[in-house]
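Asks: the amino acid sequence is not available; the structure is as follows:
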């Protein structure tokens, strides 16, 4: 009979198969020294450790994969302001103001905690935490109240969210109807000094969460609800609790495939090529001094002879060169070299850069391929786009938009689950909570965004309507700023646009109005109104001109006096 495994030894087959890939995908995205330390390779076996360590100090990660993933993330975040979330008012307040105890909105939480892991590692998990106060679930006794299972030391008034990653989820089980029924989480928790409360280290902890049926027992817990059992690093049980919940408060965000499947290896190769180039440029990119010598005068040269104290360095009497080949022979603008008649003059030669040029060309090609691989992976996420030929630029953009739409659909589905769990915590189980993401998505380059701005500006000036022009102006603001600044900044800019006095900026219409006023077929008041000015503005302008004329006339009379 096989020996029973401890909880810390259990792992899902998918976890065992993919853990190394998940880590590579994440490190390739995150970059930094961790990626370099793990994936920088030696040139050959002849590169010793000292040379390798010196080269590692000069190595950097170009970060093309990170930029490609961030572009996809930003393209999704650009449309997140259109997401509609409805339900209990406390749920709406939570999603708008504080979903993670760090004052993050749901949009910020998805952009910083969900999307980077989802796009790189294919999946990420969200735990809905911090249960409500006693009585919110209709519980009669304090002991029946769900207990927080969390990083927080105190219970919050509203539930909040935190994530755990693919490599932290060691094992899991789904029921036949697709519900998560058990999950094993590997976590690191802070170890604090008992006197000061300061963090002094970290320790590993395992949390096993299982849905119990009526009368089912696990680790001393019996009843209908969610069992939470905590184990230390050695697999010893240290705590347990029973949550009076009808389902696991865990939601999985998942897409069909990581976008880093091909990009990670390309990023690895790109980093290693950049490392070799940096090493060459730093250590060998300097001119070499060369000069000819007459072999007949060098026959008696002692091989391997070193200069020692009291033993003068051997010197060629014809050329004055050091016979030992030691460094230290100084030449330059103030010092020259004699060279024997019939020999070529000494010179400096530049190191060969053909390999460097080839490497730089290959790096540029890999950078383009990383972008293409990201677009291809995004396109392939949508089954409908697999049929496209790839020859049409328009079809390519349709494929990318379909890929973004697919990811948004997965986000929407997972968010609905979160909303359902939050409403259970709030004692509103059965309340219809809706989450609706927008239907259309675009992934634009800087050039495409600039062309879009030009088209919007042309459309804005073509219609003489205050509301139309302000609406288009706000759309231009979002085109430029969405995904690069906080939503509060964009909202403030839109308020400023609404508060501004409107003026028709179309130069052709302005010129036509001026001509009509000058010809006398249009009054100044009507012209001012057509341009967006107050109709009283022409009279005020005339009065101001008259006052200025009076001041000038008064000044001249004073000068004459």
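Replies: Nice, I can see it. Here the structure is a predicted model, which means the values were calculated and not measured.
Asks: pull the longest helix from the protein.
Replies: helix 393-425 (DSSP state H).
Asks: what mean pLDDT does that one get?
Replies: Average pLDDT, helix 393-425: 84.
Asks: identify each buried residue in that helix, please.
Replies: For helix 393-425, the neighbour count (16 or more other C-beta atoms under 10 Å) marks 396-408, 410-411, 414-425 as buried. From N, CA and C alone the C-beta is placed, and that goes for glycine too.
Asks: do stretch 73-82 as well
Replies: 73, 74, 75, 76, 77, 78, 79, 80.
Asks: and the two most separated of these?
Replies: By the measure C-beta to C-beta, 73 and 79 form the most distant pair in these, at 11.8 Å.
Asks: low pLDDT regions in the protein?
Replies: 1-2, 130-156, 285-286, 294-335, 382-398, 443-446, 483-484, 486, 555-561 (pLDDT under 70).
Asks: need the buried residues of stretch 73-82 in JSON lines (columns: distance to residue 188 and secondary structure).
Replies: JSON lines is the format used below for those (distance: C-beta to C-beta, whole Å; DSSP: H, G, I helix; E, B strand; the rest coil):
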{"residue": "73", "distance to residue 188": "25", "secondary structure": "helix"}
{"residue": "74", "distance to residue 188": "30", "secondary structure": "helix"}
{"residue": "75", "distance to residue 188": "33", "secondary structure": "helix"}
{"residue": "76", "distance to residue 188": "29", "secondary structure": "helix"}
{"residue": "77", "distance to residue 188": "29", "secondary structure": "helix"}
{"residue": "78", "distance to residue 188": "34", "secondary structure": "coil"}
{"residue": "79", "distance to residue 188": "35", "secondary structure": "coil"}
{"residue": "80", "distance to residue 188": "30", "secondary structure": "helix"}
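Asks: check those residues against residue 513 and report the nearest one.
Replies: Using C-beta to C-beta, the buried residues of stretch 73-82 come closest to residue 513 at residue 78, 37.9 Å.
Asks: list the buried residues for the one helix or strand residue 276 maps to?
Replies: Secondary-structure element containing residue 276, defined by DSSP states H and E: helix 260-283. Burial within helix 260-283, assessed by neighbour count using 16+ other C-beta under 10 Å, is assigned to 260-264, 266-277, 279-280.
Asks: starting at the chain centroid, how far to that helix?
Replies: Centroid separation for helix 260-283 versus its chain: 20 Å, with C-alpha atoms, centre = their mean, to the nearest Å.
Asks: how much space is there between the residue nearest to the spatial centre of the chain and residue 453?
Replies: For the chain, residue 70 is the residue whose C-alpha lies nearest the centre (C-alpha atoms, centre = their mean; 4.1 Å). Per C-beta to C-beta, to the nearest Å, residue 70 is found 21 Å from residue 453.
Asks: now do residue 550
Replies: Residue 550 is 47 Å from residue 453, by C-beta to C-beta.
Asks: higher neighbour count, these two?
Replies: More crowded of residue 550 and residue 453, by other C-beta atoms under 10 Å: residue 453, with 14 against 10.
Asks: wait, isn't that one in contact with residue 476?
Replies: Yes: using C-beta atoms under 8 Å, residue 453 is in contact with residue 476, at 5.9 Å.
Asks: which stretches in the stretch 301-450 of the chain count as strands?
Replies: Using DSSP state E, counting those that start in this stretch, the strands of the stretch 301-450 of the chain run over 347-349, 434-436.
Asks: got it, and the stretch 451-561 of the chain?
Replies: Under DSSP E, counting those that start in this stretch, the stretch 451-561 of the chain gives no strands.
Asks: show me the helices in it, by range?
Replies: Assigned by DSSP state H, counting those that start in this stretch, the helices in the stretch 451-561 of the chain fall at 466-481, 487-499, 507-519, 524-531, 537-560.
Asks: and if you look at the stretch 1-150 of the chain?
Replies: 13-30, 32-39, 49-58, 64-77, 89-97, 106-109, 115-121.
Asks: which residues are in contact with the first one?
Replies: Spelled out, that is helix 13-30. Among residues not part of helix 13-30, those counted as contacts by C-beta atoms under 8 Å, 6 or more residues apart in numbering are 34-35, 38-39, 65-66, 69, 116-117, 120-122, 165-167, 169-171, 258, 260-261, 263-264, 267-268.
Asks: show me which of the residues you listed are buried.
Replies: Going by neighbour count (16+ other C-beta under 10 Å), these have 35, 39, 65-66, 69, 116-117, 120-122, 165-167, 169-171, 258, 260-261, 263-264, 267-268 buried.
Asks: returning to that earlier point: between the helices of the stretch 451-561 of the chain, which one is nearest to residue 175?
Replies: That would be helix 487-499 among these, by C-beta to C-beta, at 38.1 Å.
Asks: in that closest one, what counts as buried?
Replies: 487, 490, 493, 494, 497.
Asks: and residue 242, its phi and psi?
Replies: phi -120, psi 120 (degrees, to the nearest 10).
Asks: wait, it sits on residue 229?
Replies: No: look at residue 242 against residue 229 with C-beta under 8 Å: they stay out of range, at 9.9 Å.
Asks: name the residues contacting each of these two.
Replies: By C-beta under 8 Å, 6+ apart, the residues touching both residue 242 and residue 229 are residue 221.
Asks: can you list the domains in this protein?
Replies: 7-263, 446-499, 507-560 (automatic domain parsing).
Asks: want to throw those domains into a markdown table with distance to residue 371?
Replies: Shown next, in a markdown table, are the domains of the chain (distance: least, C-beta to C-beta, whole Å):
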| stretch | distance to residue 371 |
| --- | --- |
| domain 7-263 | 6 |
| domain 446-499 | 13 |
| domain 507-560 | 39 |
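Asks: pick the most buried one from those domains.
Replies: Of all the domains of the chain, domain 7-263 carries the top mean neighbour count, a mean of 17, counting by mean count of other C-beta atoms under 10 Å.
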